[in-house]
Structures are given as C-alpha cells and as structure tokens.
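Chemist: Have a look at this prediction, sequence included:
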Amino acid sequence: MSSPENKFTSLDALLKLGSVPSEIKYAAPLKKKASVIEMPVMPDVKPAEDKKSISEFWHKVRVFYRSGQTGRKPVDRTPLFPALLMPYRDMGRIQHDFPVWVDNGSAERGQPSVISLSKLLSKAVDDFASAADDAKILKDNLPRLEVMIREAKGRSMSFGDVVDSSIEKLKTHLKIKGDAGKSFYDDTEKLKSRLPQSGRLVTFCHETPFDLLGTSLQVRSRTFIQKLSDEVSLLQQRLEDFLRVERQKSPEANAPKALKDLYGYGGSFINFDKFSNVIPASASVIMPAERIRRIEGILAILINADHYFKQDSVIVMAEENKESLGRLFPSSNVIFSEKYNLCQGVQNAFDRHMKSMADFISALRIASLEIDNHYDAEIHDDYFARFDWKSFTENEMAICPPVVMITDIDELMGHGLTDFSKMLASHKPIKTLVIKTETRTGSISKNAEGDDFSLMQELGAMVVSHRNTFVFQSTSIHPDRLFDGFLRGLSTCSPALFYVWSPKDNPEGNPYVFAGAALESRTFPEFSYDQQRGVQWGSRFNIEGNPQADQDWPVYELEIQNKNNQPSTIRIPFTFADFAAQDESFAGHFFDVPSAYWSDDLVLYSDYLKMSTSEAYAKIPFVWMVDFDNVLHKVATTHDVVLFGQERLDFWHFIQEFGGINSYHVERAVEKTRREMIEDKQKEIGELEEAHRLEIEKVRETTAREAMEKLSSILLDLDTLPARSAEMPVERKIQNKVTPIPASETIVEKALPPKVVEEVLSVSADPWLDTIRCTSCNECININPNLFKYNGAKQAYIADARSGSFAQLVKAAEVCPAKCIHPGLPINSAEAGLPELIKRAEPFN
Amino acid sequence: MFGLKSDCILDVPDEYYTLADYESATARWCPGCGDHGILTAVQRLCSEKQLPPENTVFVSGIGCSSRLPHYMKTYGFHGLHGRALPVACGVKFRRPDLHVFVATGDGDCCSIGTAHWIHAIRYNMNITVLLFDNEIYGLTKGQTSPTSNKGTVSNTTPRGSRLPPINPIQTTLGVANASFVAQTVDWNPAHLYATIEAGFEHPGLSFIRILQRCPIFQKDLFQTTMSSPDAITLLTHKNGIQVDPAIAKMYKSVVDHDPSDLNKARELAENHDRQVIGLLYQDKTKEHYDEYGAHNMGITPSDKENAINRELDKFAV
C-alpha cells in the first residue's frame, strides 16, 4: 500500500488513512463533482394505516386551510425553505450578479459601465483564451479569484490594486510549478492587462438603486459634457472675434501704440506717429451699442458655462433622509425638502433650475443667431424675454442636468399621491425614484395578518395611466437592467418614474433572496412603459425582464434523489406561495404535512389556482419545501395565500396583456380569422368534392357506354375497336419535345474516355502535429523536448519547429505510435541528407 | 433561478491540483505502448475532477497494466496476481469516501482473476475498473492470454492458439447486476477520456475494456483497426459517451445504441467481425453491495474494533 508521498506500505495504513471520525455516517456513495448543489431527497412515504388518525389529521388540515389555526405553536415549526430557493441558503457559496463592477468613466471607452464581477472576469479571460483548453488553470480558478477579490474589496484600494493583489494571492496560494506554472503566470498577466484599473465594486444592499442611479447620472453627464464644451468654445471664439473686429473700427485702433502692437520685428523700421496720422479713419459701419452689450452679456454666460454643469443633477429628498442618503450623491446638488410637501419642493427646485438653464440655452441660441447675423431685436427680444424650459428642443432638454425626486412608496401613497399625479400632469420632466423597502410579505397588503383582504396598490400601473411618463418597475437584483432602466428614463424629455423594490437588511431573511423571489413569483413584476417607443399602446410596454414571461408562473426542473438515491426530476412552478413561504412573518399560513398523510387531496398550489370550485372541493394546496437535511416536504397553505396568489396572478395577467401576451383582442381576432379560414377551406373542399363527384359520374357513364358498345360489337362480330361516338372524350397525345442530338456530338461523347478526377493533395510545408490524437507516449519529447512539448492535457504539440532538425522531425514521425506527427518540408535547406529525409517524411505528410 | 449562473457554486477547495500533481515516476512502459495514453487520461480525469490525491486509490494486480499505480501520485496498491478487484472492493467497502480505480490486464482479470472479476461485477461497488486488453502477456515476454485471438502464435502456443478467446464485454454483460459496460481504444485519446469520465461518474462499478496496443509482442494486432476507422463501429446515444463531433466523424460506421437495452448490447458484443467502441450498457438503479457495509448500519469503526477485541479477548490466556 502506498501513500502519495511514501508509496507501498501496508494495507493497515490504507484502512487508517485520513483517520475517519468514528461518528461519521457516510451518505449514499454517489460519485459527485466537488462543486455541486446537494440534491433534495424525496422522503420514503409510508402511508399511515390508522384510518381514524388519517381522518382526524385531514380534518385538522382543512380547519387550518380556512382559519390558519393548527393548534401548534409557531415554535414547533420545522425550519423549512422553498425547494427552488435552496441554493440561496448559503449566499457565500453561490455565484450571482453581485458584486457588480461600476465605473462612471467606462462608457467613454466603449465598455459597459455596470457588469457583474464574474462576467467581467470571464469576459476578460475569453478575450485571450477562447478555446476550452486555453488558460485552463486560470479558468478553473476564476471562482477562487472571484472569492479573493470579494474578500479584498472594501479596503481603500482602487479596483486595479484589488485585482493585482488578488492575483498575487492566487499565485502564491496555488504554487504551480514547471511549464504549467509558467503558462499560468503568463495568463494572469494577460488577465491583468484586460481588466480595468478604475471603478469600484458594489455589493447588493438596500442602497444599490441609489448607487446605480448616481452612476447613471454621472455617465449621462459625461456623455454630453465634452460635446457641449466644444460647441460652447466655438461659439465663444466666434463672438470674441466679432468684438475684436469691432474694436478695430474705433479711433483708438489707429493710435501709434496700437499700430505698433500689430507689427513684430518689422515695426522697428516704421515711425508709428507719422503712420497714425496718415491712416484714414475706418469706413466700416459701427456695431450698435445695444448689440455689443447683448453679445458681451451672452459671452459672460458662455464663459461661465461650467457653472451650469458643475453638478450632474438636482436631487430632492425629504429632510429625514439627509443622514442616510445625502452622502450617496456627491456629484449632485442635493436639496432637502419637507416630507409632506416633497412634490411641491421638487417642482420649486425644478423651476429654479430650469430658469437658470433657460438663461444658458437662450445664450446658446442668441450666440448662433448673432454669428449668423439673424438676430432681429423686434422678434427675438420679446421671444427670449419669455424663453423658458417649454421652449427647449429635445437636444437642449437632454443637456440639462435632470431634476430627480427620491422618495419612498409609503410616503408617496400615504399623503403625496395627489400632488404627484398633478406633478406628472404638468409634464415637467422631473424624474422620480420611488423605493419600496418592505422585507415582509405580509406588508404587501396592509391586512395580510388580519381577516380582511385588500388589493396591492400598483403605483407603476397608476402612473402608466398618465400616459406621458416613462415608467420602469423592477426589483434591485438585476443591476445591469436597473442601470439601463435609469439611463433610458433619464434620457427622455418627459417625466419618469423608477419604482424599485429594494428590501432593507432583515435579520430574519436575506434581502437578495427576498427581492429575487418577489420578481420570480410575479409579486412585483418587472415592466417598462416608454411612450417614445411608438404611438401604439402595446409597443410602449416591455415585460421581457420577467422569467418565462409567457407563463403564469416560471417553471423550473428540480433534480432530486428518490428514496433509492436515484436521480429524478420534478417540475416546480415558482408561485406567490413559494415567495410567501420564505418569509418568517408568513409562517402561520403554512403547515408541514407529514409524509405519512400525503394523499391525492394535496394539490400543487399552481394547479389548485386553476381549479374550478367544484374541482377544488376537499383539496388542499401545497408547495414544495426542504428542511436542513435537504428532505422534501409538502407544506399546505391557507385560503389567504390562495387569495393573495389569485390577486397577484390577476395583476400579472394585466401586465402580460399590455406586453402582448394572451391579449384578449388578439386572440379573438386570431380565432375569428381561423374560423373564417376553416369555413372558406371547407367551402372550397365542398366545391372540389362536388366537381370531383360530377367528373367521376361522367367518366363512369362514358366508360359504361363504351363497354356496352364494345360488347355489342363483339356480340355482333363487328370490328373489335369501338366506334368513337361524338360524346367520347378525345384522346390527347402529349408529345415531349425532343431536341435531336447531332450525330457527331453523340459520337464524340461516346468516344470520350471516363472522366478521371485527379485529386491533388496539398502538403503542408510547415511541420504540424495532430495534438488531439497524441497518446502521450513521450517518444517525441524524448527526441527533442524543445521541439515538442506537452499542452495542459499532456498531449504533444510542436512548440518551436526551428529548435530542432528536420531529421528529428522525421524520426519522431516514424516512431510516433499514433502517427500524428507530420514533418512537412525542411526549414533549413543546408541540413545534411535532406533528399533522403524528405523521402522518409513523405508517408507522414 | 434569478442571478444564478449555470455552474453557480463558488465552493473553492483549498487545494488546486494540476496534472503534474498526479504524476509520479516516469513511466517505464515500452515506447509506443498504449498504456501511456491511458495513464495520461486518468491523470487528466483526476485533475479535471480535482480529486484530492489523499482520497484517491489506484489498485492493480500483476502485469504491464498493473504498473499504473506506481506512476500516479495518489494512494496505490500493487496487489497479488488476479486480486486487484477484491482488494479494491475491500478498500471501497471500508472507505466509501475514497475514489477507487482498478488497473488490470487481460491476464490479471480474465485469467487468474476471473472469479473475482465475476463477483466484483455482481457487487457493483462504486469503483472504476480499467481493463487494459492487449491480448498478450507482455510483462513475461509474450504468452497467449485468454483474450488472444484464435491462432495467436506465442511462446506458449508456437503453432497458434487453439481456443476462441474470451470476450470480456460479452462475459461482463452476462453477469448479474452488471451496471456499466463500455469499450474504448487507447489510440483515440478523446474517446478514451470521455469513456473513463463517464465510468467515473457512474454510481456503481464501471467496467471499461480498453483495446490497448503492445508494440513488442502484438505488433500487428490493432494496426488494421488503427489505420482503418471503418473497422470500428462507434456507438452513440444521448445517454452514451459524448465526444466531439469531429471525433465522431472519423468513424464511418456509427450506430445509435440505447445503453439501457441489454439485449442489443449483448448482440453488439457478440459481433466478432467488427469492434464496437462506446457505452454498451448502463443501469444506474442496480444494487450496490457497499451500501450494506458496517458504516451504513450505524456501526462505527471503533465499535467494530471493540467488538473484535472483545471476541479475541475470550481466547486470551
């Protein structure tokens, strides 16, 4: 018996190796890849036999369904988790969209501004190692590098420094030696060069939407500020030229000193006092003083252009948020307003901001008019006196730093809804970020814990009814989509609403899982309404951000182990009940049904919702959950959960129809067209059948008559050929047109020998090795280890054809058992014995 | 589900093993021997699956093939002739957490070790068995083996062997509780690797016969098969061995064979005119004898040791 280091000792050593802890009970001996999610296990169902106890149990379950009362204390409840959410129990183990790398300057470099760390790393590696076997060690260890970067973040280092230190840590940790180590180190250098130096990592938290909004404001600002700056400089220069020319017209311009300043070295030969006396006064028309004042006025504005753009936005929020949110927008002008009057506060800020911007935009416009000499005081004085944001073109509006209101759903729905609606109706392009922070399912309805049931108020849908407002509703789990939604909303010239569910940290649950489950379960569906996308109502909606948007609920296949430890699959829809089941505050609505009492009366929640009242009679809905031992449980729900689910499904259907899925009108039109097509086809078929029937009758009659006539002829010993009657169908002869082949051509064709196709095989002049066929026998490596090398899979390739002789190549080709070496032609024409070597190489080329 | 990648787990074991971490002494097989390729394939597998060397055991009997544990930097057991399988079963029975591989040859497995072969197949423990079949006794310089073709001329049969050979695939498919039977060739590294990988992933005993070249004592045996891919039938199926389409294109004779069809597998194995490569049979639901080990009955190693000591103490003087 051997150990990795000290081989072949004794069997006893093997039995003791690794010193098995005595308490271990091994799981089923399935071979598993090291990194897999453990499969849930279906319990071995042994039905209860005592009919009385079964009856009593089901009575209890039905009472629970109606009342939510089980007679058990909440503390008795086994900790369970929705089966589909099992991978998220340990967030440290899974790779997901967070952390994201964020950089407000990357858009200029044509890179995405927001990208998940895992995507950033894999994209960078794929850039130089696209084939599966390239940079294998690095690719295998990207998850390890990601973990190291995650752990290193948070220190006061730039992203580039974090990457550098993590890669060094990875190299030290792996300690890979030899050729493999060298190529691994080369690959890490290539990776470094392809990763950005700037930017930062953002983890998932309640503040993520604010962070991404701030970044999108900066990115938006950077995209136009350079262009605007160039335009302003040009206008400024042209206007200054105007004034300079005007100054040349003044008598002072002919003064000796002014003239001397115009000349360089040549000025020393001129007497400027005399020169000044002989120069005639300017004959040009002098610019009116009013125009000069106007130009000087707009020049003053243009020179101070930076003043208008030193902050990328104006953000208005309630005083209460000063401490928590104020710091998140360092490049914005943040204004704090009274909570109960936030809409008025933001409108006031908007009016002030737009008045200032109107001054700047009007200066731009006047500058253009002046340069083109089109400024007409009679028309334009009055026009620019009344110039405000409503006069802005789309491009002019786009350059204005936006005004953004940040609030929370409770504040808005509680006392600000009327003002908010009025604000939207005013068409002022104010952008609003509304955050929903609840971390409890119960709070989706204020009466979730009580007896009453109420619908969830849908702010997004309400705002859509204003028609003029861009709406983007989502949870904060998809950073790239959220960022894209922000950018699109900020770029419109209309009001915009960003309604984002970003749960606060909650000791009872994971906010990431909560937000994700809210989106998956249609509890908080994602959609956008963009009136700029088309005039037709349907074209403005996009619901593609929802998983399996054409379905009622997204359905996933869950791989499980059955009682015999064999893999199996069950399909599980992720429903509202699954969402609610992960929330401790909803625990009273779920009841774990022991497997001994599982029966056909337990119906999957999604199926239950589809049942008619009569079908659902005596049935109880359940969802699949798992315990900490990964054993599957059927967990019954209450009637309240059914009501909530129906309400969410109803809203989802509402959203689906807007998105063009299951549209009542479309389906009706399709059905109508289908019906009409079927009717037309049936009519056509009927006509064809009738025509066919008539034709058959006609043929039958004719054939019968012909037969009778033939029979009569035979009987009467007449001519055997039937006489052709007038009614008989005339026989048609179809002659194929045959083009005669010239005799000579035919002869030539015959005389030709069979065509011989000569296959010309090209021989590669360069030596090559069919690596995939190499069986790693060491033969070629032994001949010349510089000429031949092994790749990461220990299969040979020609590393450097010039580092060996043609003779070695030929010899290697001859001894290679896989015959995968092709020597090609000699590189060095001075090598000895080439004619013989080339001949020996021939069979291998 | 939301936010998850297809391979979403970030479990990163502390150690990372490259191919070099499984390389031990330089292999001393003859130049051109097919065993080199098999060694590389198992080293690649160990690295790909990141099998900790301290949790991996290669067991062998006697023969050229059985030198393989020497060249693996894992645990190894170079056993008695024909006894690779019982030793491997013992290791697996006692330590189901270890990855157990068996390297055996046509003499070791199909001659002196036949009884153990039959029962190991029936036990269906979770081990990967690689039968290096070069149809000759190479280590002892060329004697006819049970798998040598009829008429094989060797030291022991100078006028040619008289009996038809044992077909290891046919034999294994005839044993009760066989759960994974595949055949591959050493000169197609991609197919060889994919087959060993499939065997490793199989939850039970995977029996893989590898047609292996011996360039010294069976020089011409596979020459025709190697140079003419027409001589081989490739078995394909969605549940079979998955190889790159470019590799599959090498073979003109391709049969879509469902590995759950035992009768068809037996038919294919009986065809002596043409070798088949691929997965002939697989059934993941077969019983595993190792599940009935003491460790699965709640008896801990110390319980067992105490019980043995108690019994032995009765005979103490």
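Modeler: Yes, it's here. Numbering: from 1, shown residues only, chains lettered A, B, ... in the order given.

Chemist: confidence score at the nearest residue to A:Ser805 once chain neighbours are set aside?
Modeler: Distances taken as Cβ to Cβ, 6 or more residues apart in numbering or on different chains place A:Glu831 nearest to A:Ser805, at 5.9 Å, with adjacent residues excluded. Heads up, the C-betas are built off the backbone N, CA and C, glycines and all. What the model reports for A:Glu831 is a pLDDT of 88.

Chemist: And for the one 5 residues further on?
Modeler: In the predicted model, A:Glu836 carries a pLDDT score of 91.

Chemist: can you check A:Ala743 too?
Modeler: Per the predicted model, pLDDT is 42 at A:Ala743.

Chemist: Next: A:Lys355.
Modeler: 93.

Chemist: Give me the number of neighbouring residues for the residue nearest to it when sequence neighbours are not counted.
Modeler: Excluding the flanking residues, the one nearest A:Lys355 by Cβ to Cβ, 6+ apart is A:Asp388, at 7.2 Å. Here the count is done by other Cβ atoms under 10 Å in any protein chain shown, and A:Asp388 has 13 residues near it.

Chemist: what's the next secondary structure element after the helix or strand of chain A with the lowest mean pLDDT?
Modeler: For chain A, counting by mean pLDDT, DSSP states H and E, helix A:11-16 ranks last in confidence among helices and strands (a mean of 35). Later in the chain than helix A:11-16, the nearest helix or strand by DSSP states H and E is helix A:51-67.

Chemist: just checking, what packs against that next one?
Modeler: strand A:590-593, strand A:620-626, strand A:632-637 (3 or more Cβ pairs under 8 Å, 6 or more residues apart in numbering or on different chains; DSSP states H and E).

Chemist: can you pull the pLDDT of A:Leu718?
Modeler: 50.

Chemist: thinking B:Asp258 is in contact with B:Asn239, fair?
Modeler: Yes - here B:Asp258 reaches B:Asn239: they are 6.9 Å apart, a contact under Cβ atoms under 8 Å.

Chemist: Phi and psi next, for the residue of the stretch 151-300 of chain B found nearest chain A.
Modeler: At 4.3 Å from chain A, B:Thr300 is the closest residue in the stretch 151-300 of chain B, using Cβ to the nearest Cβ. B:Thr300 adopts backbone torsions of phi -80, psi 160, taken as degrees, to the nearest 10.

Chemist: Just the pLDDT at it, thanks.
Modeler: 77.

Chemist: Equivalent analysis for A:Thr739, please.
Modeler: At A:Thr739, the model reports a pLDDT of 42.

Chemist: what bits of the stretch 101-250 of chain A have low per-residue confidence?
Modeler: Scanning the stretch 101-250 of chain A for pLDDT under 70 picks out A:104-110, A:153-156.

Chemist: what does it put close to chain B?
Modeler: For the stretch 101-250 of chain A, the residues in contact with chain B (Cβ under 8 Å from any Cβ of the partner chain) are A:118, A:137, A:140-141, A:143-144, A:146-147, A:174, A:176-178, A:180.

Chemist: tell me which parts of the stretch 51-200 of chain B are close to chain A?
Modeler: B:53-55, B:57, B:69-70, B:73-78, B:87, B:91-92, B:94-97, B:99, B:126, B:186-190, B:200.

Chemist: and with 6 Å instead?
Modeler: B:Pro53, B:Glu54, B:Lys73, B:Thr74, B:Tyr75, B:Gly76, B:Phe77, B:Arg94, B:Pro96, B:Asn126, B:Trp187, B:Pro189 (Cβ under 6 Å from any Cβ of the partner chain).

Chemist: still on that earlier bit, the residue of the stretch 151-300 of chain B closest to chain A and B:Gly293, how far apart?
Modeler: Shown here: B:Thr300 relative to B:Gly293, a distance of 12 Å by Cβ to Cβ, to the nearest Å.

Chemist: And for residue 127, nearest residue in space, chain neighbours not counted?
Modeler: As the question left the chain open, I've gone with chain A. That would be A:Arg194: by Cβ to Cβ, 6+ apart, it lies 5.4 Å from A:Asp127.

Chemist: nope, chain B
Modeler: Excluding the flanking residues, the one nearest B:Ile127 by Cβ to Cβ, 6+ apart is B:Val100, at 4.2 Å.

Chemist: Work out for me the element the one you found sits within.
Modeler: Counting by DSSP H and E, B:Val100 is part of strand B:99-105.

Chemist: Identify the neighbouring strands of that strand in the sheet and state each direction.
Modeler: Strand B:99-105 has the following sheet partners, assigned by DSSP bridges: strand B:56-60 (parallel), strand B:127-133 (parallel).

Chemist: of the ones you listed, which approaches A:Glu706 most closely?
Modeler: Closest to A:Glu706 of those, according to Cβ to Cβ: strand B:127-133, at 77.9 Å.

Chemist: which stretches of the stretch 701-845 of chain A have low pLDDT?
Modeler: A:715-764.

Chemist: rerun at 80
Modeler: A:708, A:711-765 (pLDDT under 80).

Chemist: quick one, what contacts whichever residue of it sits closest to chain B?
Modeler: Per Cβ to the nearest Cβ, A:Thr775 is where the stretch 701-845 of chain A lies closest to chain B, at 3.3 Å. A:Thr775 makes contacts with A:Ala818, B:His36, B:Gly37, B:Trp187, B:Pro189, as judged by Cβ atoms under 6 Å, 6 or more residues apart in numbering or on different chains.

Chemist: ok, and the closest non-adjacent residue to it?
Modeler: B:Gly37 (3.3 Å).

Chemist: okay, the one helix or strand the one you found maps to in CSV with CA atoms only?
Modeler: B:Gly37 is part of helix B:35-48 when elements are defined by DSSP H and E. Provided in CSV are the C-alpha atoms of helix B:35-48 (Å, rounded to 0.1, in the frame of the first residue of the first chain):
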residue,chain,number,x,y,z
ASP,B,35,-0.6,2.3,-21.5
HIS,B,36,1.0,5.8,-21.8
GLY,B,37,-2.2,7.2,-23.2
ILE,B,38,-4.4,5.5,-20.5
LEU,B,39,-2.1,6.9,-17.8
THR,B,40,-2.5,10.5,-19.2
ALA,B,41,-6.2,10.0,-19.5
VAL,B,42,-6.6,9.1,-15.8
GLN,B,43,-4.2,11.9,-14.7
ARG,B,44,-6.4,14.3,-16.7
LEU,B,45,-9.5,12.9,-15.1
CYS,B,46,-8.1,13.3,-11.6
SER,B,47,-7.1,16.9,-12.4
GLU,B,48,-10.4,17.7,-14.1
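
Chemist: ok, and for stretch A:52-71, which residues are buried?
Modeler: With burial defined by 16 or more other Cβ atoms under 10 Å in any protein chain shown, the residues of stretch A:52-71 counted as buried are A:Phe57, A:Trp58, A:Lys60, A:Val61, A:Phe64, A:Tyr65, A:Gly68, A:Thr70.

Chemist: Could you report the neighbour count for the residue of the stretch 251-400 of chain A found nearest chain B?
Modeler: Nearest residue of the stretch 251-400 of chain A to chain B (Cβ to the nearest Cβ) works out as A:Leu328 at 23.2 Å. The number of residues packed near A:Leu328 is 18, by other Cβ under 10 Å.

Chemist: Would you mind measuring from it to B:Leu211?
Modeler: 68 Å.

Chemist: for A:Trp768, same thing?
Modeler: In terms of Cβ to Cβ, A:Trp768 sits 27 Å off from B:Leu211.

Chemist: which of the two has more neighbours?
Modeler: B:Leu211 (25 against 15).

Chemist: Tell me the bridge partners for that one.
Modeler: B:Asp133, B:Val185.

Chemist: For the nearest residue to B:His36 once chain neighbours are set aside, give me its contacts.
Modeler: Leaving aside its sequence neighbours, B:His36 sits nearest to A:Cys777 (Cβ to Cβ, 6+ apart; 4.2 Å). Each residue near A:Cys777 by Cβ under 6 Å, 6+ apart is listed here: A:Pro817, B:Gly32, B:His36.

Chemist: Cool, thanks, signing off.
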